[in-house]
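Participant: build me a model:
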Amino acid sequence: EVQLVESGGGLVQAGGSLRLSCAASGFIFGDYAMGWFRQAPGKEREGVLCINPSDGSASYADSVKGRFAVSRDNAKVTVSLQMNSLKPEDTAVYYCNAENLIELKRFWGQGTQVTVSS
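Facilitator: Predicted coordinates:
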């Protein structure tokens, strides 16, 4: 059974930091690009970042560049998201995502709430 389990969400004041983690199981982690998406109330889900499975290179949405950093540990089959200098507009449910573009498979976690107060 494929599972992506997020943790680390919560309430933080603007300017603060949070670290999200995603624990993966049930698929070959090294074959999948990992990403984080978020969905704010009344808005569509948007991509925040993704990290390449082979070389660990990452790409970020302009809105989080310089503030968010992602890392993956293939040995521990986890991907982490360090969020610094948080803003109220970062408030959303954050979802972990795994995607294999060759096999055309995509998996989602259940999401974790991040709330940034002003």
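Participant: from now on I want contacts and neighbour counts done on CA atoms only, so please keep to that.
Facilitator: Fine.
Participant: strands of this protein, start to end?
Facilitator: Along the chain, counting by DSSP state E, strands occupy 3-7, 10-13, 18-25, 33-39, 46-51, 58-60, 68-73, 78-83, 92-100, 105-108, 112-117.
Participant: and residue 55, what pLDDT?
Facilitator: Per-residue pLDDT puts residue 55 at 83.
Participant: follow-up on the earlier one: including mean neighbour count and mean pLDDT, could the strands of the chain go into CSV?
Facilitator: Output for the strands of the chain, formatted as CSV (neighbours: other Cα atoms under 10 Å; pLDDT from 0 to 100):
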stretch, mean neighbour count, mean pLDDT
strand 3-7, 19, 95
strand 10-13, 15, 98
strand 18-25, 20, 96
strand 33-39, 23, 96
strand 46-51, 19, 95
strand 58-60, 16, 93
strand 68-73, 19, 91
strand 78-83, 20, 96
strand 92-100, 22, 97
strand 105-108, 14, 96
strand 112-117, 20, 98
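Participant: pull the contacting residues for residue 16.
Facilitator: The contact partners of residue 16, taken as Cα atoms under 8 Å, 6 or more residues apart in numbering, are 84, 85, 86.
Participant: let's see 6 Å
Facilitator: 85, 86 (Cα atoms under 6 Å, 6 or more residues apart in numbering).
Participant: chain neighbours aside, what residue packs nearest to residue 22?
Facilitator: Excluding its sequence neighbours, the residue lying closest to residue 22 (Cα to Cα, 6 or more residues apart in numbering) is residue 6, at 4.4 Å.
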